Each structure stands twice: as structure tokens, then as C-alpha cells.
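Asker: Generate a structure from the sequence data that follows.
(one chain, ligands or ions: 2)
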Amino acid sequence: MKKILEMRNISKEFPGVKALDGVTFDLGEGEFHSLVGENGAGKSTLMKVLSGVYPFGSYGGDIVVAGEVRQFQTVRQAEEAGIAIIFQELSLVKELTVAENIFLGKEPNRFGIINWSEVYQKSSQLLKDLNLPLDPRTKVENLGIGQQQLVEIAKALSHNAKLLVLDEPTAALTESEVETLFEILKDLKARGVGMIYISHKLDEVFMMSDRITVLRDGRTVGTNNAADLDKDKVIALMVGREVGDIFPTTTHELGETALEVKNLTAFDPDVSEKKLVDNVSFHVKKGEVLGISGLMGAGRSELLMTIFGAWRGKHSGEIIIDGQKTPINSPADAIRNGIGFVTEDRKRFGLILEQTIRDNATLACLKQISGKFITDRARETAATREVMRSLHVKASSPMTIAGTLSGGNQQKVVLGKWLLTKPKVLFLDEPTRGIDVGAKQEIYSEINLLAEKGLAIVLVSSELPEVLGLSDRILVLHEGKTTGEFSRSEATPEKVMAAATGESKTLI
Ligand SMILES: Nc1ncnc2c1ncn2[C@@H]1O[C@H](COP(=O)(O)OP(=O)(O)OP(=O)(O)O)[C@@H](O)[C@H]1O
Ligand SMILES: [Mg+2]
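Answerer: Numbers count the residues shown, from 1 in each chain. Ligands and ions are numbered 1, 2, ... in the order given. Here you go, the predicted model:
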């Protein structure tokens, strides 16, 4: 196999963190090479070194592209050398259209005048070639995160890349979108494009990989042919130990009903009369984990947002907390009434990336920790440190800036922030998206522990094993309506999927 990339002895330090320590990595023409490792192992950093985000001079070691040592100063220079990267954090400009984003900074022009009809025509063609069901004239802010991810992919592929880096590309995609993506990747592979694939989803890693490299704590643990590995072996290499069963096995002691929702309906804010949540009723008891299952578009996040007072569209229904009818008109109302919400899009709602872990973690509970009027920094720091310890957040101190944490560790900070509000009811929307197996296990046992302590938990997850493994009861939504409800012992993947796709006709 012809080598198109060699990274030799790469090192990269941040203040107080050695993110990469002598990493070696290579890629052949048309090769699919997966890069795996725990949160904070250094995967994204390695790819940012490769793609010019961290310019030559800020890292140690050599990057050799097509046999030549290259010293990229900018992302543009790496792009010109045929390297395209889809970053873990989406980087689209929300106010612009799909097509404008795809050609941003590379608009076809004549004498400085942008040829917009060409921009739209080329984008249409590209989206068609890639089989992406998107209108180039849609503004990105009107797309869901799944669709935005597809725009990122189109953007990365718009300049004939020979080497494509995908950093957690499927975290927000539905199963059918993942299938579409892999069709595209297969096609690119056949055309000789080399791919570096980063994912915590090992099923995907094994779908196409020729080789797999495992990083741990900034070092290469090893590079092996995928054929010589299996999932358990990869996990053991990543974590440095056997993980075993990742779901806790306990039965919860159920108490009184903590939250009851009656006839909740929520309308699309943009399309009037379109119901995204349609007459849903449910309850969750103290000490219970209620899973909510459904495909993308089932209305799960909308349901939680509405209860939380964060839905911008029209809505109706009744919310009863601890037996009391409780109107909730804003997130502040919800928090005051003991509801916590770990949202699905942590960048948009969960974290202020420029601020410290401490300021983020204590944001939702300032009053409780610091007293009504004065903030007590020392107590805040101590509380943050405690949460960081119990959730195993990998960071040097509570004063670390949230934006510098690895994706998985950012997610743990969001969870920690809500735990500090000491909620009675906790909503978790995709709580382990982008989180490694070891950290998942930690979060699962934390969820279980919280339920044992009497918290009522509502868990939305697209990962069926997660819902099945954690929930005492599962509610299934399809196109905004309840299409199934199963106790832990009744629930099987087949039954839940049938209800989620609307195939089981037993509407309840
Ligand atoms: N800009 C930065 N400033 C300071 N530290 C950083 C910065 N970027 C990354 N780090 C640190 O470097 C280490 C490696 O982070 P990196 O983002 O590469 O991990 P990762 O393997 O991609 O993890 P994940 O699976 O969670 O995305 C972490 O300890 C992280 O906190
Ligand atoms: Mg990363």
C-alpha cells in the first residue's frame, strides 16, 4: 500500500498538559485507519496538528505527506495539500445557507466578484453526488445537528481531498444517516482516498477499518490490523484493563410520583399547526429511571424542552410535581421546582466554553452554594473539585477553561453542573454522546447511584442498549405520539424498535 501520510514522533504540550508524547501514525492510499482511545487520549489534538490548526513550530516531530516533510502554518495550507478534516465540534456559520457554508472562503469568483449561481449549482451537484437530502438554500440554523453534520461532510469533500479526517462524525446522526455516510466513505475509499476515522462507537470502527491505532494518555499503545482485533481487545487496549459488563445491575426502590405530565402537546415554532409532541402523558417516580426511546424526529428532546420551560413554540398540557400542579414558564421556573436538564447539544445550551470548569459547574446553583447575595469562591471551588472527582473529569484544576477539555470531559462537566443543583428530577438527553467506554461506565453507575438515592431520572438516548440497560421502564415515541410503554422485564430491542418505527399497531 502506498503511504500517503506519516506522522513521526509527534509531541504537543499545553500549559500543564502533555497532550501528545511521541506519537507515530501512518496512512496508506485508500486505507481506512481508525484512531481510538479514551476521552482526552489526544486523538483530536493529533488531527489538529495534522491539519494545520496547530501550526508548525507549536508541536514536535515530523509530518510527511506523499513522501515530503510538510510544515503547515494554516488550515488552508493543509487543505491545499489534500487534507480535509471534519472537526468534532461543528464549525458552520449558522446565519449562512448550506451552499454558502460549503464554499465559504472558496467561492468561485471572477475578478473578485462571487458567482453565486455557480455556488448554488456546484453545491446542488455535490449534495446530489453525495446523496445528501439537503437543500443548498436552507439556512444552517434551521437544520438539526444531524443535518448540520452532513453539511460539514459535504464541505470537507468539496475540495477533492486525498486524505479525509473524520473526528466523531456520527455522534449526532441517525442510523440511516450513518448508513448514507458509510456508503459515501466506501466510495471514497474505492477512489483511493485515505481516511482517518475517530469514533467511540466500536461497531462503526470495525465496519470498515483496515487498521486500528489505539492512543492512551498521549502515547500510541499500538497499531494493528483490524482483522487481528475484536471489540473487547480494543477496549482493553484503550482503558488498560478489562471493562466487563458496563451496565450496573440493581433494582431501584420506587417511591412516590415525582413528576407527572398530562396531555402535553408542543407545536413546531416555524410551522404552525404542526405538532412535534402530540398529547403525551407519563409519570416518573422517585428512584426510577424512565427511558424515552424513539428515532430522530420522534419529539423526545422537544418533550423535555417543553416541560423544562424552554420550548419557543406553542404548547399545552399539565405538569404536576410532587402532586402539585406546577406551571413552568421558563427554565428558571423548572430549576426552582427541582428539575435539572443535561441537554443534547452541550455547546449550545450546556457550557460556556470561554469560562472555567468552576464557573460552568456552579452556574445553575450559585444561590444554593454561595448563599443568596455573596458568592463564596472557596465553596464553589470545593464543590467543583468534588464533582470533578466523582465524575473523574480529566483536567488539571477547577480553573481550567472548559473549551480546552476533550469532548467527553466537557460532557461530564455539564452533568456535574446539574448534580450541583441537587435536583429532584433529572432530564438526561443523550448523556453519553461522544463519551468513551470507560467514562460511559462511570456515568452509568452515577445514574444508577442517583436513582438509588431517590432521584427521578428521565433518560433520552438513541443508543438502544443504553436505554435497555439503565431504564426501569421505557416509553416509546413515534412522530410525537406515545407508541409503546414497556417495563424493564418486558422490553426487548425488537419490541422497542417496532414501536419506535410506528410498526406496532397497538397505539396506547
Ligand atoms: N486547547 C487546549 N488547551 C489546553 N489543553 C488542551 C487543549 N486541547 C486539548 N487539551 C488537552 O489535551 C488532552 C487531549 O485532548 P484531545 O481533545 O486531543 O482528546 P481526545 O482524545 O480527542 O478526547 P475525546 O474523545 O474526549 O474527544 C486533554 O487532556 C485535553 O484537556
Ligand atoms: Mg476529541
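Asker: Can you tell me the closest non-neighbouring residue to the residue in the stretch 51-200 of the chain that ligand 1 sits nearest to?
Answerer: Nearest residue of the stretch 51-200 of the chain to ligand 1 (Cβ to the nearest ligand atom) works out as Gln88 at 5.7 Å. In short, each C-beta sits where N, CA and C put it, glycine included. Spatial nearest neighbour of Gln88, chain neighbours left out: Asp167 (4.2 Å); criterion: Cβ to Cβ, 6 or more residues apart in numbering.
Asker: Run through the residues that contact the one you found.
Answerer: 43-44, 47, 85-88, 198 (Cβ atoms under 8 Å, 6 or more residues apart in numbering).
Asker: Let me see the backbone angles for the residue nearest the centre of the chain.
Answerer: Nearest to the mean C-alpha position of the chain, by Cα atoms, centre = their mean, lies Arg433 at 3.9 Å. Arg433 adopts backbone torsions of phi -60, psi 130, taken as degrees, to the nearest 10.
Asker: Please name the nearest non-neighbouring residue to it.
Answerer: That would be Ala171: by Cβ to Cβ, 6+ apart, it lies 5.2 Å from Arg433.
Asker: just to revisit the earlier point, ok, the residue nearest to the centre of the chain to ligand 1 distance?
Answerer: 11 Å (Cβ to the nearest ligand atom, to the nearest Å).
Asker: That residue contacts Glu344, correct?
Answerer: Yes: using Cβ atoms under 8 Å, Arg433 is in contact with Glu344, at 7.0 Å.
Asker: related to what we said a few turns ago, neighbours of the residue nearest to Arg433, just the number please.
Answerer: Neighbour count for Ala171, taken as other Cβ atoms under 10 Å: 20.
Asker: so who does it touch?
Answerer: Counting by Cβ under 8 Å, 6+ apart, Ala171 has contacts 88, 149, 433-434.
Asker: What are the phi and psi values at the residue nearest to Gln88?
Answerer: phi -100, psi 100.
Asker: And for Lys2?
Answerer: phi -70, psi 130.
Asker: For the residue in the stretch 301-450 of the chain that ligand 2 sits nearest to, give its distance to Ile198.
Answerer: Relative to ligand 2, the nearest point of the stretch 301-450 of the chain is Gly407 (4.8 Å; Cβ to the ion). Going from Gly407 to Ile198 by Cβ to Cβ, to the nearest Å gives 10 Å.
Asker: which neighbours do the two share?
Answerer: 44, 88, 168.
Asker: Can you flag which of these belong to helices?
Answerer: Those of the shared contacts of Gly407 and Ile198 mapping onto helices are Ser44, per DSSP state H.
Asker: which residues in the stretch 1-150 of the chain form strands?
Answerer: 3-14, 17-28, 32-36, 60-65, 68-70, 83-86, 109-110, 113-114 (DSSP state E, counting those that start in this stretch).
Asker: residues in contact with the third one?
Answerer: This points to strand 32-36. 25, 27, 43, 46-47, 185, 189, 194-200, 202, 205, 208-215, 226, 234, 238.
Asker: quick one: average pLDDT of that strand?
Answerer: Averaging pLDDT along strand 32-36 yields 97.
Asker: mind listing what Ser390 touches?
Answerer: Contacts of Ser390 (Cβ under 8 Å, 6+ apart): Glu446.
Asker: what about Lys275, distance to Phe427?
Answerer: Distance from Lys275 to Phe427, counting by Cβ to Cβ: 21 Å.
Asker: higher neighbour count, the two?
Answerer: Ranked by neighbour count (other Cβ under 10 Å), Lys275 and Phe427 place Phe427 first, with 27 against 19.
Asker: how near is that one to Val289?
Answerer: The gap separating Phe427 from Val289 is 12 Å, by Cβ to Cβ.
Asker: In stretch 293-309, which residues are buried?
Answerer: For stretch 293-309, a neighbour-count test (16 or more other Cβ atoms under 10 Å) marks 293-309 as buried.
Asker: Next, check those residues against the strands and list the overlap.
Answerer: Ser293 (DSSP state E).
Asker: and the helix or strand hosting Phe206, average pLDDT?
Answerer: Secondary structure from DSSP states H and E places Phe206 in helix 202-208. Within the predicted structure, the mean pLDDT of helix 202-208 is 92.
Asker: all numbers from here: first residue = 5
Answerer: Right, with 5 as the first residue, what we last looked at is helix 206-212.
Asker: I'd like the next helix or strand past that helix.
Answerer: Going down the chain from helix 206-212, the next helix or strand is strand 215-220, by DSSP H and E.
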